[in-house]
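Engineer: please work out how this folds:
(one chain, ligands or ions: 1)
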Amino acid sequence: MDLSYILNELGEDRAAYFNAVAPPIIQTSNFACKTVADMRFMLQHEAEVDFYSRGNNPTVDILEKKLAALEGTEHAIAFGSGMGAVAAAVLSQVKAGDHVVCVNRPYIGTNKLMRYFLPRFGVEVTMVDGTQAANFAQATKENTTLYYLESPNSFTFELQDIAQIVDIARERNICTVIDNSFATPLLQNPAAMGVDLVVHSATKYIGGHSDVMGGIVCGSRERINRIFAAEYLTLGAVLSPHDAWLLLRGLRTLPLRMERVAKTTRQVVAFLQRREEVAEVLWPFLPEHPQYRLARKQLRNNTGQFTVRLQTESLAEVERFCDSLQHFLMAASWGGHESLIYPAAAAYMEGKFRSSLPFTLIRFYIGLEDPEYLIRDLEQAFARMKE
Ligand SMILES: *Cc1c(COP(=O)(O)O)cnc(C)c1O
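Structural biologist: Have a look, this model is predicted:
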């Protein structure tokens with residue numbers, strides 16, 4: 001299917017709504033039935049029909065169709081946040097007494113789900129270094145039902161060899177779930193490598209404008225319908241029609257934004273590598289990175305996230321550098337129009353460092369600004385850092 005067809009036409013039926021070019025926001029909680037027989041049919045086919053908006057809604061459906069097509073899966077289901085999607089995908093694969101193998105250092109909310117939430121319900125979790133596929137095999141037990149991946153993972157961007165881990169999982173009849181938010185469906189398609197469920201925080205690149213939250217799970221019709229009937233309907237983390245509309249609007253320009261972000265990021269990283277204040281850039285797209293070849297194999301291009309380790313022993317210098325930036329905003333998230341930093345030093349609280357990462361790490365996201373504008377900002381912040 002052509003990318004242009006997916007983004008501009010798939011799932012849209014303009015004749016059904018006055019030939020409007022932009023789809024309508026069907027802002028309704030429920031849909032009326034004409035007869036008892038109609039209603040009976042609706043109840044029996046809730047996964048396929050519009051009956052109640054904590055179920056299906058036509059505006060949300062358009063988004064789901066496009067994202068399933070982009071990920072190359074049969075079906076997709078949208079959630080009100082990325083964590084709504086992660087939690088539903090994970091919960092759909094476990095019950096009390098089961099065991100999960102999860103990659104080290106996933107997204108912070110996923111980490112909480114794995115370490116503190118699942119154990120409350122009798123699900124045991126082993127976290128492993130995902131750079132060696134064999135670690136998944138080694139950690140597997142009789143009762144393992146799920147391998148959870150995030151490649152590259154958050155903050156330090158280590159990769160997992162997706163195809164290798166899928167092979168290990170399939171031999172053992174274990175379900176694989178991956179968080180693909182980093183790459184977007186344009187740059188990496190884990191379902192093509194055999195992953196069962198692909199999850200995104202649509203809040204990031206898919207929305208792309210820092211004004212909406214959403215999540216998506218892509219997979220086979222059977223797996224998605226099972227999530228619909230259980231986690232989706234009962235936990236209720238639904239996406240509103242208006243937010244689906246904003247995500248659709250963001251999606252139209254996703255390829256343009258990703259291309260621009262990739263190019264600017266390469267320029268900013270090249271600048272940072274030449275600075276003596278920078279000890280290291282953690283970014284799998286650098287030829288000297290130990291996973292460079294895997295990155296080139298699994299991902300079609302680079303994105304805008306990377307992490308810098310500053311060359312200093314001084315927390316005050318790290319803070320002065322961060323506080324001096326004028327155009328990079330200091331905020332959570334990424335994937336919007338605006339460049340961001342997220343300093344690991346923010347985890348230093350009440351005289352204690354509450355992170356396993358060095359305080360000298362700063363995660364960057366490069367947005368849609370001009371590269372020169374960002375580089376000038378970095379130059380002046382480096383000058384202030386040493387003052
Ligand atoms: C932000 C993020 C999430 C969570 O998404 P929300 O939309 O914030 O709930 C999950 N995974 C990754 C990799 C993220 O960056």
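Engineer: next one, pLDDT for the residue nearest the centre of the chain please.
Structural biologist: Nearest residue to the geometric centre of the chain (CA atoms, centre = their mean): Ser181, 2.1 Å. Predicted confidence (pLDDT) for Ser181: 98.
Engineer: count the residues that sit near the closest residue to it other than its chain neighbours.
Structural biologist: Distances taken as CB to CB, 6 or more residues apart in numbering place Ser201 nearest to Ser181, at 4.4 Å, with adjacent residues excluded. Any C-beta I mention is one placed from the backbone N, CA and C, and that applies to glycine too. By other CB atoms under 10 Å, 28 other residues sit near Ser201.
Engineer: surely Ser201 and Gly80 touch.
Structural biologist: No. Taking contacts as CB atoms under 8 Å, Ser201 lies outside contact range of Gly80: 11.2 Å.
Engineer: following the helix or strand where Ala295 lies, which helix or strand comes up?
Structural biologist: Element membership for Ala295 (DSSP states H and E) is helix 292-298. Counting by DSSP H and E, the next helix or strand C-terminal to helix 292-298 is strand 305-310.
Engineer: for that next one, what is the distance to the chain centroid?
Structural biologist: When C-alpha coordinates are averaged (CA atoms, centre = their mean, to the nearest Å), strand 305-310 and its chain have centres 19 Å apart.
Engineer: can you list the residues of the stretch 51-200 of the chain near the ligand?
Structural biologist: When proximity is defined as CB under 6 Å from any ligand atom, the stretch 51-200 of the chain approaches the ligand at 81-83, 86, 107, 109, 150, 154, 179, 181.
Engineer: please name the bridge partners of the residue of the stretch 151-300 of the chain found nearest the ligand.
Structural biologist: Distances between the stretch 151-300 of the chain and the ligand by CB to the nearest ligand atom are smallest at Ser201, namely 3.0 Å. Note on Ser201: beta-bridge partners Gly215, judged by DSSP bridges.
Engineer: next, whichever residue of the stretch 51-200 of the chain sits closest to the ligand: phi, psi?
Structural biologist: Taking CB to the nearest ligand atom, the ligand has its nearest neighbour within the stretch 51-200 of the chain at Gly82, 2.1 Å off. Dihedral angles of Gly82 (phi, psi; degrees, to the nearest 10) stand at phi -60, psi -40.
Engineer: let me see the contact set for the closest residue to it other than its chain neighbours.
Structural biologist: The shortest distance from Gly82 to any non-neighbouring residue, by CB to CB, 6+ apart, is to Ser201 (2.5 Å). Going by CB atoms under 8 Å, 6 or more residues apart in numbering, Ser201 touches 81-83, 85-86, 107, 179, 181, 214-215.
Engineer: now the common contact residues for Ser201 and Gly80.
Structural biologist: Here Ser201 and Gly80 have 214-215 as joint contacts, going by CB under 8 Å, 6+ apart.
Engineer: before we move on, the earlier item: residues near the residue of the stretch 51-200 of the chain closest to the ligand, how many?
Structural biologist: Neighbours around Gly82, by other CB under 10 Å: 25.
Engineer: same question for Tyr232.
Structural biologist: 25.
Engineer: ok, now Leu235?
Structural biologist: Residues lying near Leu235 (other CB under 10 Å) number 15.
Engineer: cool, thanks, signing off.
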